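Peer 1: Only the shape, not the letters, is given here:
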Ligand SMILES: Cc1ncc(COP(=O)(O)O)c(C=O)c1O
């Protein structure tokens, strides 16, 4: 029997100590009529058989296409040292660090994680992680509702449409009202409409930078606007872009959120990922999730503990700032190790590399006469093209040439059936980009 | 240990990127660029690896130490699961692929994993269908509570209350409250389970649901559970099962058979996926037939031709609660775990976890106060009230255990037991380990009598002594700054 080490003899001895002669007796509290009516599962298999089977399943997923698909989830390079650290079982087989003295490894690493994310986002404080970039936005909204005691949420339509769908189901069930504002002609947030929607009942404005269409922006003016009406501004960010882009802190944002997948995590079919959240010091007591703080032991030696726990469910129960308990600690460790390896100058270099590849690719595509640039705003690593044909058809044809061309925007935006969202990472080479451009030219 | 920032030396690098191979220049306008570089460490790869390896050595994990943390099911995590999530085709699979034209065809293996795991969980818990999307137990609770609201709304009702026993985990009331419900806390009786009379008083037409874990957080099975379910249903409410304690009952009882309508399962507890120092976990939610229409979208279906697909067209659904299909990497590990153990193996998990817990409980009973003298399930709660007379509290015993190479049990939870110490050994631990643990617990009980100062000032052997939590909260220092 795998993973149970006691022998029949040992079990018998233990039962004898309990004065019992069979394990069944331990379940005597369960009325017989409540016992399982069925438990129809396959017979257990050996590790070798299971391994073979999983390899076979893995081979039924197609991952050897050249990837230009992004949409908030990117094919970045992950240095080998990230996995070498996160696969240390002292880290991954530990629980939440409630017992600080035997969890200093986890606690110090979370403290370091909070430090790098705070610095990256230009915010004061960061929590120990949330589930993902989408639930991070939902938590940020609930936080803004608590802080402002208002219930209206203004959401830019260029916030990832998947996150907007999540936000809509949270809104429907959690009793706040959200209004989606279409993006402006240049691909940036539409100031006029946002201003006209903003009123004294508005808890927050939710934006994303770079936005879903790949456009970059400076939302400082919107932050000022929000603040004049007693509202907050929430900005969802792409952490790699912060190697070069103006940080949420510099734009006077109140709550920065983001998906941390790009920081050393695999795409892994949608998870586990990493929800980033950072805010200003004055809002810390309304922040959801765990927070690690520095302290000292009896002898004055520095150490780290979970702190400000009176916000949390295990203490405050129904009055807690959030219901979150388990978070994405190991993913936060990946992000920390990744950012440590990449380093201060490396992150800038990486961000520039992604940007120049995107600029080159866009230039190549725009050389094809039938293709138009959808928006004029500057881009980071992703951009929107308008094709002379249905984007889904083009994507299908390119799959046959070995290219995962991008995301068909018509799926979430009715008027964009011919638009495709194309993403570049440092992994894409000039040769691959040229091949993509040539193949696209042939198809159109 | 020094912080990584304190080891940083300007100019050091841990990774190099390929040289630029495209002729374009960076075209981001200066006004959109950040003024200063983010303060990331500047260290070599070796510095990085050594720093984090040393940090890891300041942790206890299941692989290094016995970890009897109650309610957390810290069982051994099979290594094949860790290996498999790295396979090509799984680790590098983009989650948006199924949303491309014909994308389902490109992800058949992954969709099969999701579909079959959900089928296994339905059979294990006696439910009609599962969503694999919730990203942890608490997220499952919120998803479940949203479905409860949708169910009542569909019947033209807006019920206000969720009944939760006072022994419940904090996430239960927190999840219900976030979903807009008033939480009614019902006390436990002398047997350690929800008081039936108090329960009946609390139950009325405003009750949307009753949220329970069974066995409960005291490790006790509620023999009246069917009655509670029947009463709740009579009043038009739903029964929600917090599956955090499912380990005890695998193959023995199914929540669906005993009257529960909704259940979440913590894959990171019962199904052997590691806890990662706090996460990631996964909290899939299963429902009975009458609630299937409210499940989140997307849903994974098996077509008549044997292929798998994602479906989105469910008008009564509560909508999206996660970006994709759940914490796929965690789900994959749980899937492998179920395949390895199979029907018999899973049943033995329950039997051995219950045996291990009862064995320790029996051996400790002469030395510690046992608030509920009953057969326990996979975990049990003792109290340090005897030791408290000498000034030794539960937390002191927890810290003292560390000196002997054990992770502490859960302390001060559930809230209804004074000086609670909650012990969950799990099925994967051997009698030898349990015996060692028992010996040390007895030794500590004696020490608390004879020389309480040692216990009260523990730990002594860790290189770090007890940390000042009050100071941390009073003067919050939450990040390094230059
Ligand atoms: C009884 C009980 N319910 C719910 C939860 C919440 O689960 P999670 O941490 O996965 O959100 C836990 C775990 O801590 C638990 O022990």
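Peer 2: Yep, it's here. Predicted model only: the values in this text are computed from it and were never measured. Numbering: from 1, shown residues only, chains lettered A, B, ... in the order given.
Peer 1: tell me which parts of the stretch 201-350 of chain B are close to the ligand?
Peer 2: Taking CB under 6 Å from any ligand atom as the criterion, the stretch 201-350 of chain B approaches the ligand at residues B:213, B:217, B:242, B:244, B:266, B:281, B:283. C-beta: built from backbone N, CA, C; applies to glycine.
Peer 1: buried ones in whichever strand or helix holds residue A:365?
Peer 2: In this structure, residue A:365 sits in helix A:329-366 according to DSSP states H and E. Taking 16 or more other CB atoms under 10 Å in any protein chain shown as the basis for neighbour counts, the residues of helix A:329-366 that come out buried are A:329-362, A:364-365.
Peer 1: likewise stretch A:263-281?
Peer 2: A:263-280.
Peer 1: overlap between those residues and the residues near chain B?
Peer 2: A:266, A:267, A:268, A:269, A:270, A:271, A:272, A:273 (CB under 8 Å from any CB of the partner chain).
Peer 1: still on that earlier bit, give me the subset of the residues of the stretch 201-350 of chain B next to the ligand that lies in strands.
Peer 2: residue B:242 (DSSP state E).
Peer 1: Compare the residues of the stretch 201-350 of chain B next to the ligand and tell me which has the most neighbours.
Peer 2: Neighbour counts for these (other CB atoms under 10 Å in any protein chain shown) peak at residue B:283, which has 34 neighbours.
Peer 1: residue contacts, that one?
Peer 2: Listed by CB atoms under 8 Å, 6 or more residues apart in numbering or on different chains, the contact set of residue B:283 reads B:134-141, B:143, B:264-267.
Peer 1: With pLDDT and secondary structure added, can I get the ones next to chain B among the buried residues of stretch A:263-281 in CSV?
Peer 2: Output for those, formatted as CSV (pLDDT from 0 to 100; DSSP: H, G, I helix; E, B strand; the rest coil):
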residue, pLDDT, secondary structure
A:266, 97, coil
A:267, 98, coil
A:268, 98, helix
A:269, 98, helix
A:270, 98, helix
A:271, 97, coil
A:272, 98, coil
A:273, 98, coil
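Peer 1: Closest one to residue B:238 out of those, please.
Peer 2: When those are compared for distance to residue B:238 (CB to CB), residue A:271 wins out at 27.9 Å.
Peer 1: looking at it, that closest one is touching residue B:328, isn't it?
Peer 2: Yes - A contact is recorded between residue A:271 and residue B:328 when judged using CB atoms under 8 Å, the distance being 5.3 Å.
Peer 1: Mind listing the shared neighbours of those two?
Peer 2: Counting by CB under 8 Å, 6+ apart, the residues touching both residue A:271 and residue B:328 are residue B:95.
Peer 1: Return the mean pLDDT over the helix holding residue A:365, rounded to an integer.
Peer 2: This predicted structure assigns helix A:329-366 an average pLDDT of 98.
Peer 1: quick check, that helix touching chain B?
Peer 2: Yes - applying CB under 8 Å from any CB, one finds helix A:329-366 touching chain B at A:329-331, A:333, A:337, A:339-350, A:352-353, A:355-357, A:359-360, A:363.
Peer 1: Which residue ranges of the stretch 301-444 of chain A form helices?
Peer 2: In chain order, the stretch 301-444 of chain A shows helices spanning A:313-316, A:329-366, A:391-399, A:430-443, with DSSP state H, counting those that start in this stretch as the criterion.
Peer 1: And the stretch 351-482 of chain B, by the same measure?
Peer 2: Listed in chain order, the helices found in the stretch 351-482 of chain B under DSSP H, counting those that start in this stretch are B:385-388, B:394-403, B:431-450, B:452-456, B:469-474.
Peer 1: Those: which one's closest to chain A?
Peer 2: Evaluated over those, closeness to chain A peaks at helix B:469-474, with 3.8 Å, by CB to the nearest CB.
Peer 1: what's in contact with the closest one?
Peer 2: The set of residues external to helix B:469-474 that reach it, using CB under 8 Å, 6+ apart, is A:100, A:293, A:294, A:295, A:296, A:305, A:307, A:308, A:309, A:310.
Peer 1: Select only the buried ones of the residues you listed in PyMOL?
Peer 2: Filtering those down to the buried ones (16+ other CB under 10 Å) takes a single PyMOL command:
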select buried, chain A and resi 100+293+294+295+305+307+308+309
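Peer 1: The contacts of helix B:469-474 in strands, which ones?
Peer 2: Assignment to strands by DSSP E places the following of these there: A:293, A:294, A:295, A:296, A:305.
Peer 1: How much space separates the first one from residue B:472?
Peer 2: What it means is residue A:293. 4 Å (CB to CB, to the nearest Å).
Peer 1: For the two, list the residues in contact with both.
Peer 2: Taking CB under 8 Å, 6+ apart as the contact definition, residue A:293 and residue B:472 share the neighbouring residues A:305, A:307.
Peer 1: ok, and the closest non-adjacent residue to residue A:190?
Peer 2: By the measure of CB to CB, 6 or more residues apart in numbering or on different chains, the closest residue to residue A:190 outside its immediate chain neighbours is residue A:184, 4.0 Å from it.
Peer 1: Just to check, that neighbour is in contact with residue A:213?
Peer 2: No - look at residue A:184 against residue A:213 with CB under 8 Å: they stay out of range, at 10.8 Å.
Peer 1: of those two, who's got more company?
Peer 2: Taking neighbours as other CB under 10 Å, residue A:184 and residue A:213 compare with residue A:213 leading, 23 against 19.
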